[in-house]
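> Sequence isn't available, so here's the structure alone:
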């Protein structure tokens, strides 16, 4: 009987659900793809990006991954398209487009 | 070897706490439980315990502190009465639903209002549906013994529910009586260490506690919690049996006193049992077949066992030391009626609400109830089922 | 140690995506910056008051927190955290907890200024080694933007709406940071989201690593409640600071220190005009509200300057 978040779903019987609603691992929200909420999508223009990283801390959805001092591509699984990164970029290296699904 | 002493109920509880040396004690004073944190503070000041003693600014925070501490992996305790318990109300449910085995020493006092500091059971009865185990004591000895058993029951992985160890305010909490205490080492061995499977400070994995629990999951959690309350019955008896083997004093869900051939009987909780026993001895000497069931465990409610114990009785008075405000009786009456429903032949049942806000209940008062039951048994007429006793009245009362 | 933005941003994320906060919600930014201020290797327990953040960041079975987390109720996050911290001390001295832990509590202005105020005051007075972060979005957002004691005067909220007979909330915003400073705890600060987050980070780090209780108040714009387009959050934070509506300062061991003084103090209308909650203030006949708002900000700012100068 697994009590990992990935195995807990709306079919789980009461005998198997974790007591008191406890969860025994961190960051299980990653399993939820809030990117589906998006109506506008940020587009990163790498050639214009100076890697100043002013965008990254402003992201409420932890969707601008930074490794070794450099940002990478947007995490569109979780980005909700709020546009803060677009506004805060001093080099116009991010623009917003209509989401196409 | 047990040690003979003379202690009040409050000091007996504080003594048990010292022996157990819990990790966290969240303390806030309220009459009549105030002495418990006071005695304990002195143990802390004298270096007799290693407990983190947290002097919170309210009972709401004392229960919140216990919730945080228990979730973090600590054995957490507190003590309160009356309005203090009422102020914790929201957190009582949180503690139970988060499945945190917290131990609360409840020194029963009337719940305001109007404000009154004397004993009745309206405080803990108000919390009867909160998901806490509730065990009641007749005297200081039982309060002490129940406290020693509390953690073994509530921390059991089959239970994982918080527990209230209740005693009557002033009558038990402040009266100094003889008591048998157990040795520190024996108590520590009996109670054991708290070893939760998961806790916030666990090295191997983080723990998240207290989710927003949506409709698809919340009912499953509540059913699981209800199951734990049912499972607690077996655990309570297991722990009582081990307690008897270890310390020689016997406990169960309730005490049957002269019940074997009883034709009339009382069901009650707490210190009034002593008064009732004195009355029974007097009546038995006159040939009256009177008996008593003193309920020890109210949550979980020992429904089948109580029904079986009452099955041969002709007339029963349930003595409620709290007003149910239901218009038809107190909480103990409601539970007892429900318990007896499935009996092929039910006893006649009445409710006697008594002793509110410290109103005295003497042997003569109890005797009146037995005589009323005898009349009921004789005539076969139950009459009014919801009675009050002990109040002044300008009309002729049944009791 | 000097703040190194790139190094701090390269740390593993401790508040992950997939939570259910609204697009552009400032609370998510607080949680990320707050946990980023923890030194790597230190563990933390997060205590959270009921509110938008709680229902969004731990919706069973999905937690956005990499660290241990506890929510118990609305009005008691500080007392709950105090319990966790007391348990840590108890278990640590018994050798039962090998790791080093920090204790962070977070609540909105409802859970902090109002219903949780007693619990906060008590926990701070008792001296628990913990930090309380308030994400102050100036109204009860989770229940639908009702006014709180933190809502500024003239803001329209659903229980203090503007109308023909009302110019929004009638009372001034409670100065909670000052009240917390009056607890004479080792560290109190006010910050928000600016530039490379140096101000936030340094205050959060100091708060976490100062032994004893600390309080950090973070102005946290809410696009729904303040009625602005989400991408304007950085601009609103900047304007809150440059108009002196939300001054940046610290109180370290009782010493008041200004963190930032705008080169040119902007009129408060610059901050207000971007937000729908103040829209009515700009209607003809309501000019007096803008004047009153300006007078209040000036008066509070002068008092703060005097305090920092004399400290």
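Right, received. Where do you want to start? From a predicted model like this one, the values you see are computed outputs, not experimental measurements. Numbers count the residues shown, from 1 in each chain, chains lettered A, B, ... in the order given.
> mind listing the helices for the chain?
In the absence of a named chain, this looks at chain A. Assigned helices in chain A, in chain order: A:84-88 (criterion: DSSP state H).
> let's do chain C instead
Listed in chain order, the helices of chain C (DSSP H) span C:5-9, C:26-36, C:52-57, C:77-93, C:109, C:117-126, C:176-181, C:198-209, C:223-226, C:233-242, C:268-272, C:287-309.
> Output the ones you listed as CSV; include the columns mean pLDDT.
What follows is the helices of chain C, written out as CSV (pLDDT from 0 to 100):
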stretch, mean pLDDT
helix C:5-9, 98
helix C:26-36, 98
helix C:52-57, 98
helix C:77-93, 98
helix C:109, 98
helix C:117-126, 98
helix C:176-181, 98
helix C:198-209, 98
helix C:223-226, 98
helix C:233-242, 98
helix C:268-272, 98
helix C:287-309, 97
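> Mean neighbour count for those helices - can I get that in JSON lines?
(C-beta placed from N, C-alpha, C; glycine too.) Output for those, formatted as JSON lines (neighbours: other Cβ atoms under 10 Å in any protein chain shown):
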{"stretch": "helix C:5-9", "mean neighbour count": "19"}
{"stretch": "helix C:26-36", "mean neighbour count": "26"}
{"stretch": "helix C:52-57", "mean neighbour count": "25"}
{"stretch": "helix C:77-93", "mean neighbour count": "28"}
{"stretch": "helix C:109", "mean neighbour count": "27"}
{"stretch": "helix C:117-126", "mean neighbour count": "22"}
{"stretch": "helix C:176-181", "mean neighbour count": "21"}
{"stretch": "helix C:198-209", "mean neighbour count": "21"}
{"stretch": "helix C:223-226", "mean neighbour count": "22"}
{"stretch": "helix C:233-242", "mean neighbour count": "22"}
{"stretch": "helix C:268-272", "mean neighbour count": "21"}
{"stretch": "helix C:287-309", "mean neighbour count": "15"}
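> could I get those helices as CSV with distance to chain A?
Output for the helices of chain C, formatted as CSV (distance: least, Cβ to the nearest Cβ, whole Å):
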stretch, distance to chain A
helix C:5-9, 4
helix C:26-36, 3
helix C:52-57, 7
helix C:77-93, 15
helix C:109, 18
helix C:117-126, 22
helix C:176-181, 22
helix C:198-209, 8
helix C:223-226, 8
helix C:233-242, 5
helix C:268-272, 16
helix C:287-309, 25
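> Quick one: closest of those helices to residue B:73.
Closest of the helices of chain C to residue B:73 is helix C:77-93, at 6.0 Å (criterion: Cβ to Cβ).
> Check which helices and strands that closest one sits against.
For helix C:77-93, the contact count by 3 or more Cβ pairs under 8 Å, 6 or more residues apart in numbering or on different chains; DSSP states H and E identifies strand B:24-27, strand B:52-55, helix B:59-71, strand C:43-48, strand C:68-71, strand C:101-108, helix C:117-126, strand C:131-136 as packing neighbours.
> Is any residue of the longest one near chain A?
To tie it back to what came earlier, the one meant is helix B:59-71. No - against chain A, helix B:59-71 shows no contacts by Cβ under 8 Å from any Cβ of the partner chain, the least distance being 9.0 Å.
> longest helix of chain B?
Chain B, longest helix under DSSP H: helix B:215-247.
> Packing partners of that one?
Other elements packing on helix B:215-247 under the criterion 3+ Cβ pairs under 8 Å, 6+ apart are helix B:89-97, strand B:133-136, helix B:140-154, helix B:184-191, strand B:297-299.
> Do the longest one and chain C come into contact?
No - between helix B:140-154 and chain C, judged by Cβ under 8 Å from any Cβ, nothing touches; the nearest distance is 15.2 Å.
> List the neighbouring strands of the helix or strand just after that helix plus their orientation.
Counting by DSSP states H and E, the next helix or strand C-terminal to helix B:140-154 is strand B:163-168. Counting by DSSP bridges, the strands paired with strand B:163-168 are strand B:103-108 (parallel), strand B:133-136 (parallel).
> how many neighbours does residue A:83 have?
Counted with other Cβ atoms under 10 Å in any protein chain shown, residues neighbouring residue A:83 total 21.
> Helices of the stretch 251-399 of chain B, start to end?
With helices called from DSSP state H, counting those that start in this stretch, the stretch 251-399 of chain B shows them at B:272-285, B:303-310, B:331-340, B:363-379.
> mind putting those helices in CSV, distance to chain A and mean neighbour count included?
What follows is those, written out as CSV (distance: least, Cβ to the nearest Cβ, whole Å; neighbours: other Cβ atoms under 10 Å in any protein chain shown):
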stretch, distance to chain A, mean neighbour count
helix B:272-285, 36, 19
helix B:303-310, 22, 18
helix B:331-340, 24, 21
helix B:363-379, 43, 18
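> Could you export those as CSV, including mean pLDDT and distance to residue B:199?
Converted to CSV, the helices of the stretch 251-399 of chain B look like this (pLDDT from 0 to 100; distance: least, Cβ to Cβ, whole Å):
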stretch, mean pLDDT, distance to residue B:199
helix B:272-285, 98, 39
helix B:303-310, 98, 34
helix B:331-340, 98, 34
helix B:363-379, 98, 48
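> closest one to residue C:161 among those helices?
So among the helices of the stretch 251-399 of chain B, helix B:331-340 is nearest, using Cβ to Cβ, at 44.6 Å.
> Now do that closest one: everything it contacts.
Residues outside helix B:331-340 that contact it (Cβ atoms under 8 Å, 6 or more residues apart in numbering or on different chains) are B:125, B:128, B:267-269, B:295, B:298, B:301, B:303-304, B:306-307, B:310, B:316, B:318-320, B:322, B:324, B:326, B:329, B:346-347, B:349, B:351, B:386.
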